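Engineer: sequence below, structure please.
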Amino acid sequence: MADAHDRLPVWCAGEEWCPITSTATLIGKKWHPVILHRLLEGGPMGFNDLKTDVDGISSKVLSDSLEDLEEKQLVDREVISDRPFRVEYSLTERGASLEPVIYAMRDWGMEYLEPAEDRDSSIA
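Structural biologist: Okay, here's the model as predicted:
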C-alpha cells in the first residue's frame, strides 16, 4: 500500500464511492488505458513507436494523453538524446501497479464485447 506522501490528492463527497470514481477519472479517458496497456506489454517506448502501437490515435491526442498521464504520475518521460531529439515513455511504479486493472478491463472486454456490424450499432 502506498505511503501517505505517495498518494495523489483527490476531493470527494462520498467516501464509499470516491476511490472508484477517482481511479476512473485517472484512467478513464478514451486513450489512457490503451497507452497504459501498450507500455505494460511493450515496456518503454519512443513517441513514434507508441503512436504506431496505439492504432488510430493522432499525434496531438497522444501527446496530450502522455502529458496528462505524466502529470498524474502514471507515466515517466525521459529525454534519451538531444540530437536527434528522442524521448522515451515508461510506466512509473504507480502506473505499473495498474496492471491488474488494465488486464481486468481487457479480459472483461474479450469476454463480453464483440465487433459491431456498423458504427450505428456500436455502444462506443
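Engineer: do you know the pLDDT at the residue sitting furthest away from the middle of the chain?
Structural biologist: In the chain, the residue that sits farthest from the middle, by Cα atoms, centre = their mean, is residue 83; the gap is 28.3 Å. You'll see residue 83 listed with a pLDDT of 90.
Engineer: swap in residue 108?
Structural biologist: Residue 108 carries a pLDDT score of 92 in this model.
Engineer: go on, the one 3 residues further on?
Structural biologist: Note on residue 111: pLDDT of 92.
Engineer: gap between it and residue 105?
Structural biologist: 11 Å (Cβ to Cβ, to the nearest Å). Every residue, glycine included, has its C-beta placed from N, CA and C.
Engineer: of those two, give the one with the bigger neighbour count.
Structural biologist: residue 105 (16 against 7; other Cβ atoms under 10 Å).
Engineer: who's in contact with the more buried one?
Structural biologist: residue 33 (Cβ atoms under 8 Å, 6 or more residues apart in numbering).
Engineer: cutoff 10 Å now
Structural biologist: By Cβ atoms under 10 Å, 6 or more residues apart in numbering, the residues touching residue 105 are 27, 33-34, 36-37, 98.
Engineer: what about it, which SS state?
Structural biologist: Residue 105 carries the three-state label helix when classified by DSSP: H, G, I helix; E, B strand; the rest coil.
Engineer: least confident pick among the contacts of residue 105?
Structural biologist: Looking at the contacts of residue 105 by pLDDT, the weakest one is residue 27, with 87.
Engineer: what number of residues lie near residue 26?
Structural biologist: Neighbour tally, residue 26, other Cβ under 10 Å: 20.
Engineer: which residues sit in contact with the nearest residue to it once chain neighbours are set aside?
Structural biologist: Once flanking residues are discounted, residue 26 sits nearest to residue 72: 5.5 Å by Cβ to Cβ, 6 or more residues apart in numbering. Shown in contact with residue 72 (Cβ under 10 Å, 6+ apart): 8, 25-27, 32, 92, 94-95.
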